[in-house]
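Colleague: What follows is a protein structure lacking sequence information:
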C-alpha cells in the first residue's frame with residue numbers, strides 16, 4: 001500500500017512541468033499565418049531560416065521615429081538573413097487610426113520603410129492576434145505578459161524560437177549585438 005502511494009506520488013511529480021517551464025509554448029512561430037498590409041495571407045514559415053524581429057507599430061506614437069532605426073537595421077542585416085515584421089496596432093491611445101493604405105503610405109513617405117508591414121492587429125485582450133498570444137506566452141514581460149505600448153519588440157532565432165523581448169523604449173540600434181549573435185549561429 002505504501003509503495004503504491006509512493007509510486008502514485010512519484011508519477012504525479014514526474015508529470016508536472018519543470019519549474020519555470022509551465023507557461024512556455026513548445027511550438028515554434030512557423031505554425032502561424034499573418035496578413036500583409038495588402039490583405040494577402042502568408043505563413044510565418046516563409047521566414048524559416050531567418051532571424052526575425054517582430055514589432056507592434058503606430059504612426060502617431062512618441063516611439064514612431066523608431067521606424068528609421070528599424071529600417072536601418074533591415075538595410076544593414078537583411079542581406080545576412082534578418083527580416084523585420086511591422087504589425088500596426090491601434091490599442092494604445094488610438095495611435096494607429098489609419099487605414100492599411102494610410103499606414104503604408106506614412107511608413108514609406110516618412111521613413112522609407114521597405115521591411116514587410118502587416119494588417120492592423122490587436123496585441124492584447126480577447127481579440128489579440130494568435131501570433132502575439134504565442135509571443136507573449138513565450139517571452140513574458142517584466143510586469144506580466146501583456147504588451148505595454150507600441151514598439152515592443154520580439155527577436156526570434158533562425159529556428160523560429162523566441163529569443164528575447166525588448167521594451168518599447170529600447171532603440172532598434174540597441175538590439176544590434178543580439179541580432180549579430182543570432183545571425184552568426186547555424
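Modeller: Perfect, I can see it now. Quick caveat: nothing in here was measured; it's all calculated off a predicted structure.
Colleague: The one helix or strand in the chain whose mean pLDDT sits lowest: what's the following helix or strand?
Modeller: Taking mean pLDDT, DSSP states H and E as the measure, the helix or strand of the chain with the lowest value is helix 2-15, at a mean of 40. Next in sequence after helix 2-15, counting helices and strands by DSSP states H and E, comes strand 33-35.
Colleague: From the contact counts, what lies against that following strand?
Modeller: If contacts are counted by 3 or more CB pairs under 8 Å, 6 or more residues apart in numbering; DSSP states H and E, strand 33-35 sits against strand 41-43. Backbone N, C-alpha and C define where each C-beta goes, glycine included.
Colleague: Give me the distance from whichever helix or strand comes after the strand it packs on to the chain's centre.
Modeller: Using DSSP H and E, the helix or strand that follows strand 41-43 in sequence is strand 51-57. Relative to its chain's centre, strand 51-57 lies at 5 Å (CA atoms, centre = their mean, to the nearest Å).
Colleague: helices or strands next to strand 51-57 in the packing?
Modeller: On a contact count with 3+ CB pairs under 8 Å, 6+ apart, strand 51-57 meets helix 66-77, strand 82-88, helix 130-138, strand 153-156, helix 176-184.
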